[in-house]
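Peer 1: sequence plus the predicted model coming up.
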Amino acid sequence: MDPKKTLLSWPVVRQLRSGDFLGRGPAVTSARTRELEPRTSTADKVVQSVCPYCAVGCGQRIFVKDDRVVQIEGDPDSPVSRGRLCPKGSASEQLVNNPGRQRKALYRRPGGADWEPIELSTAVEMIAQRFVESRRRTWQDHDEHGRPLRRTMGIASLGGATLDNEENYLIKKLFTAAGAIQIENQARI
């Protein structure tokens, strides 16, 4: 028997001595358990956010310590989720702190086998140039009978369910203004 343990330290004896007959209180907590404190109590600040996974828009409270996310919980002040999160939303701290998370834009040259990091401004400029060039090259002003079309078949959009209604609305407006007619969203398919 461990020299620190005595008959009086057995859990059943502790339950009877403390009056914790169901074993749900101090009789079953160890000294280590009593010393623990939640990560949320040591946070430097709490930031309100919205879960990034679906279009529901559940509110999140993000606990930050030393400029690092330490915990994410549901926001009880959110009228959407009232403090609840689904399993993915509850695990979104892993999305932020995952060591495999990409933090740079990557580009694979035509015919290349490897991805190379590039500046975000360079990536955005490349996308914008290709968008404008595709629109210019595939623009259809009129059909064969002279009827106005004013469209491009060279650009399409497939939105994701992680975007909220406002983001999808703005994407729809952008692509419609550019003349695209092939605009769809994963949430509707």
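Peer 2: Good, I have the coordinates. Numbering: from 1, shown residues only.
Peer 1: going forward, measure contacts between C-alpha atoms and count neighbours the same way
Peer 2: Will do.
Peer 1: could you point out the longest helix in the protein?
Peer 2: The residue-count maximum for a helix in the chain (DSSP state H) belongs to helix 120-138.
Peer 1: next helix or strand past that one?
Peer 2: From helix 120-138 onward toward the C-terminus, using DSSP states H and E, the following helix or strand is strand 139-142.
Peer 1: centroid-nearest residue for this structure?
Peer 2: What sits nearest the mean C-alpha location of the chain, by CA atoms, centre = their mean, is residue 52, with 3.2 Å.
Peer 1: distance of that residue from residue 60?
Peer 2: Distance, residue 52 to residue 60, by CA to CA, to the nearest Å: 10 Å.
Peer 1: show me where this structure has its helices.
Peer 2: Using DSSP H, the helices of the chain run over 11-18, 31-35, 87-90, 92-97, 120-138, 165-177.
Peer 1: quick check: buried residues in the fourth one?
Peer 2: Pointing back at helix 92-97 there. 92-94 (16 or more other CA atoms under 10 Å).
Peer 1: let me know the average pLDDT across that helix.
Peer 2: Throughout helix 92-97, pLDDT has a mean value of 88.
Peer 1: repeat for stretch 149-157
Peer 2: Per-residue scores along stretch 149-157 average to 94.
Peer 1: got the contact list for that stretch?
Peer 2: Defining contact as CA atoms under 8 Å, 6 or more residues apart in numbering, one finds that stretch 149-157 is touched by 131, 134-135, 137-143, 175, 178-185.
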